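K.L.:
Pasting the sequence and the predicted coordinates here, then a few questions.
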Amino acid sequence: EPEVTQTPSHQVTQMGQEVILRCVPISNHLYFYWYRQILGQKVEFLVSFYNNEISEKSEIFDDQFSVERPDGSNFTLKIRSTKLEDSAMYFCASIRANYGYTFGSGTRLTVV
Amino acid sequence: GNSVTQMEGPVTLSEEAFLTINCTYTATGYPSLFWYVQYPGEGLQLLLKATKADDKGSNKGFEATYRKETTSFHLEKGSVQVSDSAVYFCALNQRASGNTGKLIFGQGTTLQVKP
């Protein structure tokens, strides 16, 4: 069964550093998403991406965040200057219209 | 705004017990409703869904019925197994088709099933 692949599974970074979280969505999917889950809290929507542009973003997704689909296969989330409160599990998801979401296994980001 | 509320966990049951995890929602219009499951160390997997009132979603012995009158989508299973131990998330999608829009999640309920 096709999978959404996320790398790395765990990343530790120092506060103020830039991080890039990587995702490879399912190849024929058209819509891409990032969600995050702070430990013990809800899974929260960050951003959706379609046709090479952001289609919706949440209040969390401020100027420190950006997304990119640089080469037609990868879908990346960049955090420019990480803060302690960015520590969370980040999930990538993709869907094709009329089918459900497929989520990746997540990247656990720890900011120290 | 739209929101989903789940019962607090953890829920601890013995094998073969009956499971109910409550989920209620607040939304305008006619959202689609979902249950996702997260096994330890894995991503979120769709367990079941319902896209309109009175629909029943079912999968792997789990069921949930979309109740518009009570704005609920409670998850049930008649006889749980140790392998059902996981975190369960209720979610809604504002778009009636259930496709392409963002998901709004509840806080998750941890289920522990003991042999």
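P.N.:
Looks like it arrived, so ask away. None of the values given here were measured: they were computed from a predicted structure.
K.L.:
which residue ranges form the strands in chain A?
P.N.:
Counting by DSSP state E, chain A has strands at residues A:5-7, A:10-13, A:19-24, A:31-37, A:43-50, A:53-57, A:65-68, A:75-79, A:88-95, A:102-103, A:107-111.
K.L.:
Could you list the low-confidence segments of chain B?
P.N.:
Chain B contains residues with pLDDT under 70 at B:95-100.
K.L.:
and with 90 instead?
P.N.:
B:1-2, B:7-9, B:28-32, B:40-44, B:51-52, B:93-102 (pLDDT under 90).
K.L.:
Residues of it that sit close to chain A?
P.N.:
Contact residues (Cβ under 8 Å from any Cβ of the partner chain) of chain B with chain A: B:34, B:36, B:41-46, B:49, B:89, B:91, B:97-100, B:102-108. Any C-beta I mention is one placed from the backbone N, CA and C, and that applies to glycine too.
K.L.:
Buried members of those into PyMOL, please.
P.N.:
Burial among these is assessed by 16 or more other Cβ atoms under 10 Å in any protein chain shown; the matching PyMOL selection reads:
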select buried, chain B and resi 34+36+43+44+45+46+49+89+91+98+99+100+102+103+104+105+106+107+108
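K.L.:
Just the ones in helices from the residues of chain B next to chain A, please.
P.N.:
Of those, none are assigned to helices by DSSP state H.
K.L.:
Now for residue 24, how many residues are close by?
P.N.:
Defaulting to chain A. Residues lying near residue A:24 (other Cβ atoms under 10 Å in any protein chain shown) number 16.
K.L.:
I was thinking of chain B, sorry if that wasn't clear
P.N.:
17.
K.L.:
Tell me how far the strand or helix carrying it lies from the chain's centre.
P.N.:
Following DSSP states H and E, one finds residue B:24 within strand B:23-26. Remark: strand B:23-26 is offset 10 Å from the chain centroid, using Cα atoms, centre = their mean, to the nearest Å.
K.L.:
could you say what helices and strands it packs with?
P.N.:
Identification of packing neighbours for strand B:23-26 by 3 or more Cβ pairs under 8 Å, 6 or more residues apart in numbering or on different chains; DSSP states H and E yields strand B:3-6, strand B:32-38, strand B:86-93.
K.L.:
same thing but 7 Å
P.N.:
Strand B:23-26 is packed against strand B:3-6, with contacts defined by 3 or more Cβ pairs under 7 Å, 6 or more residues apart in numbering or on different chains; DSSP states H and E.
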